[in-house]
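Peer 1: sequence first, predicted coordinates after that:
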Amino acid sequence: GAQRTVTFNATASNTTDVRSYPFRAAVSYDDPDGDPARGGPFTIGITPRPEQAFDVASADSTLRVGDEGNVTATIVNEGPRDVRNAVVQLVARGENLEPQTTDVAIGTLRTGEAANVSFPVEVTDGATAGQRQFSFVVEYDNSNGDPRRSGALDARVDIAPGRDEFTVEPRNATVDSGASTTVTLDVTNDRDSAVRNINAKAFVDAPLSLASDEAYIARLGPGETKRIAFEVSASGDSEGQYPLSVDFQYDTADGDSALSETYDVPIEVTAADDGGLLSSLSVMGGLAALLVVLGVGWGWSRR
C-alpha cells in the first residue's frame with residue numbers, strides 16, 4: 001500500500017495543443033526472491049499547461065522628431081502562472097530611434113496583474129513623423145526558477161513632427177541712429193526636456209555692430225523662458241529695420257551637445273532725437289540774444 005511520487009522532466013513545444021496526451025510508464029523492480037521483475041506498461045494522460053502569455057494593454061509616447069521623449073506601455077501577465085524577476089526589454093525597429101534605456105525591471109507579476117514601464121528614446125533629426133512600431137519582450141523566471149523569455153509584443157506609437165528648439169522674442173529691439181543700446185530677447189525652451197549650458201551667439205551686418213555678441217543661460221526647463229541681452233550700435237543715417245541673428249549651442253538631457261537653427265530678430269533703427277521744440281526754441285533764443293548784442297554794439301559805434 002506504500003506510495004512514492006516520482007518526477008520526470010518533459011518539454012512541450014510552442015506549437016503543442018493544450019489537450020491530453022498519452023504517456024506510457026513501466027516499473028522495474030526486484031521481487032521478494034531477488035529476481036528482476038517488471039510491472040506495466042501503464043498508460044496515463046498528461047495535459048500540458050497553456051503557454052505563459054503577456055499582452056500590451058496600452059502604449060503611448062511623447063516622441064518628436066529631433067527631440068527626446070518617452071515610450072510608455074502597460075504590460076499584463078495573462079497567465080496561467082505568476083512570474084518572478086520579470087524584466088521588460090524595448091526593441092526599437094528602424095533607424096533614427098535611439099533608446100537611452102532598454103531594460104526596465106518589474107519584479108514579480110502575478111496572473112492578471114499589470115505593470116507600467118517607460119523608456120526614454122531619442123529621435124534624430126533624420127526621422128520621419130508618423131506611426132512607428134516598437135516591440136516589448138518579457139524575460140522572467142518560472143515557478144521552478146528557470147529563466148524564460150516571451151515572444152515579441154508589438155505596439156505602434158506616434159512620433160510627432162519636429163519643431164523649433166526655442167522661441168526667441170524681442171523685448172527691447174530699438175536703437176537710435178548713431179547710438180547704442182542694450183537689446184533684450186526672451187528665449188523659451190520649446191523642447192519636451194530640459195537643456196543646459198545654453199550659449200547664445202549673435203551676428204549682425206552693417207549698419208549694426210555688436211559690443212557684446214555672447215550670452216549664457218545655465219538651464220532651461222521645458223516651456224521655461226529666460227532673458228538675454230546684447231549691446232547693439234547703429235551707425236548714423238541708418239534708419240530702418242535690420243536683422244540680428246542668434247543661434248544656440250546647448251547640452252540635451254542625455255548630455256549630447258547640439259546646435260540650434262539660426263533665429264532672426266528685427267532691430268528697428270530710428271532717427272536720433274534732436275530735442276524737438278525745446279531745442280528749436282533754445283536756438284532761436286540764442287540768435288535773438290546775439291542780434292541784441294550786435295544791435296547795441298552798432299548803436300554804440302554810431303555815437
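Peer 2: Now that the structure is in, tell me what you want to look at. Computed from a prediction, not measured in an experiment: that's the story for all the values here.
Peer 1: residues contacting residue 12?
Peer 2: Shown in contact with residue 12 (CB atoms under 8 Å, 6 or more residues apart in numbering): residue 48. Where you see a C-beta, it was placed from the backbone N, CA and C, and this is true even at glycine.
Peer 1: okay, now the unreliable bits of this protein?
Peer 2: Low-confidence segments of the chain (pLDDT under 70): 13-15, 273-303.
Peer 1: what's the closest non-adjacent residue to the spatially most central residue of it?
Peer 2: Centroid check for the chain by CA atoms, centre = their mean gives residue 68 as the closest residue, at 2.1 Å. The shortest distance from residue 68 to any non-neighbouring residue, by CB to CB, 6 or more residues apart in numbering, is to residue 122 (4.7 Å).
Peer 1: just confirm the one you found is within a strand.
Peer 2: Yes. Under DSSP: H, G, I helix; E, B strand; the rest coil, residue 122 sits within a strand.
Peer 1: and it, what does it touch?
Peer 2: Contacts for residue 122 (CB under 8 Å, 6+ apart) come out as 67, 68, 97, 98, 99, 100, 252, 254, 256.
Peer 1: tell me which residues form a beta bridge with it?
Peer 2: residue 68, residue 98 (DSSP bridges).
Peer 1: please report the distance of it from residue 258.
Peer 2: 11 Å (CB to CB, to the nearest Å).
Peer 1: mutual contacts of the two, please.
Peer 2: Joint contacts of residue 122 and residue 258 (CB under 8 Å, 6+ apart) are residue 252.
Peer 1: picking up where we left off before, which one among the contacts of residue 122 gets closest to residue 34?
Peer 2: Lowest distance from residue 34 to the contacts of residue 122 (CB to CB) belongs to residue 99, with 68.0 Å.
Peer 1: does the closest one touch residue 93 like I think?
Peer 2: No. Contact criterion CB atoms under 8 Å: residue 99 and residue 93 do not qualify, at 11.1 Å.
Peer 1: can you list the domains in this protein?
Peer 2: 53-159, 166-270 (automatic domain parsing).
Peer 1: residue 33 is nearest to which of the ones you listed?
Peer 2: Across the domains of the chain, residue 33 has its closest neighbour in domain 53-159 (40.7 Å, CB to CB).
Peer 1: from residue 117, how far out is the residue nearest to residue 85 when sequence neighbours are not counted?
Peer 2: Using CB to CB, 6+ apart and skipping the chain neighbours, the partner closest in space to residue 85 is residue 141 (4.7 Å). Applying CB to CB, the value for residue 141 to residue 117 is 18 Å.
Peer 1: of the two, give the one with the bigger neighbour count.
Peer 2: Taking neighbours as other CB atoms under 10 Å, residue 141 and residue 117 compare with residue 117 leading, 22 against 14.
Peer 1: if I look at residue 250, how far off is residue 141?
Peer 2: 44 Å.
Peer 1: with residue 88 instead?
Peer 2: Per CB to CB, residue 88 is found 14 Å from residue 141.
Peer 1: residue contacts, residue 89?
Peer 2: Neighbours of residue 89 in contact, by CB under 8 Å, 6+ apart: 102, 103, 136, 137, 138, 139.
Peer 1: for those residues, which one is nearest residue 26?
Peer 2: Using CB to CB, those come closest to residue 26 at residue 139, 39.0 Å.
Peer 1: which stretches of the stretch 101-250 of the chain form helices?
Peer 2: For the stretch 101-250 of the chain, no helices are identified by DSSP state H, counting those that start in this stretch.
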